[in-house]
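> take a look and give me a structure for this.
(4 chains)
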2 protein chains.
Amino acid sequence: MANSSRINEAPPAAVAEALKRLGRNIRTARLRRKLRMQDVAERIGASRYTVADIEKGKPGTSMAAYAGALWALGLLDTMNELADPDRDEEGKTLESVRSPKQAPRRRKLDNDF
Amino acid sequence: MANSSRINEAPPAAVAEALKRLGRNIRTARLRRKLRMQDVAERIGASRYTVADIEKGKPGTSMAAYAGALWALGLLDTMNELADPDRDEEGKTLESVRSPKQAPRRRKLDNDF
DNA sequence: CATCGATGTTTATTTGAAGCAACGTATAAC
DNA sequence: GTTATACGTTGCTTCAAATAAACATCGATG
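Numbers count the residues shown, from 1 in each chain, chains lettered A, B, ... in the order given. Prediction:
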């Protein structure tokens, strides 16, 4: 990354916690399968240091690295439900009759929410 | 070569597809909530270009950016099941009686798996 | 309890992610 | 149809993600 964005430098607590839990889950799955960090690294074409970052829940590490780790462990299918529109009940309620391809226009000094 | 890892440059097809689906899901959720890319960007402290990358499923974009987008849309809880050890039936089967904190040692020329 | 591989940590280096500005296109609101 | 805004895309700059080497520590296994 470059100009350091807040989401990577200091993510909201809920996000940071979610990443740490994901990292712990990935580590648990790896150890259950008796694989070394390097084994996972080789399967996804990365270094063992990147796998270590994933298991620490490092925010700035790439999405592909995380997804690749899941893939290497045979857990990629657990990603399919992520933000699944069919399960997004709140979203379905909010949706209007039509499905716009763009967000609605805002007035210049629209300071809502 | 420093920053270029295969997982970011050319992820496995299954991983690339999972990321694109996730990006589409996030876009659907955003539009249902009638938010602009910039609205989501401001909530997570990033630029609209990063949100655009997320919705395209760009592999190299940070995990925190993806998780932050889910958080901004109230969908972070869908991440809790990711690689959940309790649901990892294959992992539980593979696990030995004890839970080692390290992967087993390998011989030097161990070329298995 | 000794060995040696797995993992943590540091440092240095390189490359690409992220920001930003600018321009063009698409679309929704009128 | 007109217009203001959302979105797509490109080129450029900046700085952190990723790598690798080196060393320390942890821990599985005999």
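> hey, let's count contacts and neighbours off CA atoms from now on
Noted.
> DNA strand D contacts on chain A?
Contact residues, chain A versus DNA strand D (C-alpha under 7 Å from any atom of the strand): A:1-4, A:8-9, A:45-50, A:53, A:59-62, A:65, A:101-108.
> quick check, stretch A:72-81 touching chain B?
Yes. Stretch A:72-81 is in contact with chain B by C-alpha under 8 Å from any C-alpha of the partner chain, via A:75-76, A:78-81.
> below-threshold pLDDT in chain A: ranges please.
A:1-3, A:89-99, A:107-113 (pLDDT under 70).
> which elements pack onto the top helix by length along it?
When chain A is scanned for its longest helix (criterion: DSSP state H), the result is helix A:13-32. Judged by 3 or more C-alpha pairs under 8 Å, 6 or more residues apart in numbering or on different chains; DSSP states H and E, helix A:13-32 is in contact with helix A:48-56, helix B:63-72, helix B:89-94.
> need the winner for burial among these.
Highest mean neighbour count of those: helix B:63-72, a mean of 26 (counted as mean count of other C-alpha atoms under 10 Å in any protein chain shown).
> gap between it and the chain center?
10 Å (C-alpha atoms, centre = their mean, to the nearest Å).
> before we move on, back to that, by neighbour count, which of the residues of stretch A:72-81 next to chain B wins?
residue A:79 (22 neighbours; other C-alpha atoms under 10 Å in any protein chain shown).
> show the contacting residues for that one.
Contacts of residue A:79 were listed using C-alpha atoms under 8 Å, 6 or more residues apart in numbering or on different chains, and they are B:18, B:82.
> any idea how far residue B:42 is from it?
Residue A:79 is 26 Å from residue B:42, where distance means C-alpha to C-alpha, to the nearest Å.
> what do you get for residue A:61?
21 Å.
> and these two? Which one has more around it.
More crowded of residue A:61 and residue B:42, by other C-alpha under 10 Å: residue A:61, with 21 against 15.
> chain neighbours aside, what residue packs nearest to that one?
Distance criterion C-alpha to C-alpha, 6 or more residues apart in numbering or on different chains; nearest residue to residue A:61, sequence neighbours excluded, is residue B:62 at 5.3 Å.
> measure residue A:17 to residue B:15 for me?
Residue A:17 is 24 Å from residue B:15, by C-alpha to C-alpha.
> who's more crowded, these two?
residue B:15 (26 against 13).
> that one contacts residue A:70, doesn't it?
No. When contacts are counted by C-alpha atoms under 8 Å, residue B:15 is not listed as touching residue A:70 (9.0 Å).
> common neighbours of these two, please.
residue A:76.
> how about the residues of chain A near DNA strand C?
Residues of chain A lying near DNA strand C (C-alpha under 7 Å from any atom of the strand): A:1-6, A:31, A:35-38, A:49, A:52, A:60, A:62, A:100-105.
> among those, name the buried ones.
Those of the residues of chain A next to DNA strand C that meet the buried threshold are A:5-6, A:31, A:35-38, A:52, A:60, A:62, by 16 or more other C-alpha atoms under 10 Å in any protein chain shown.
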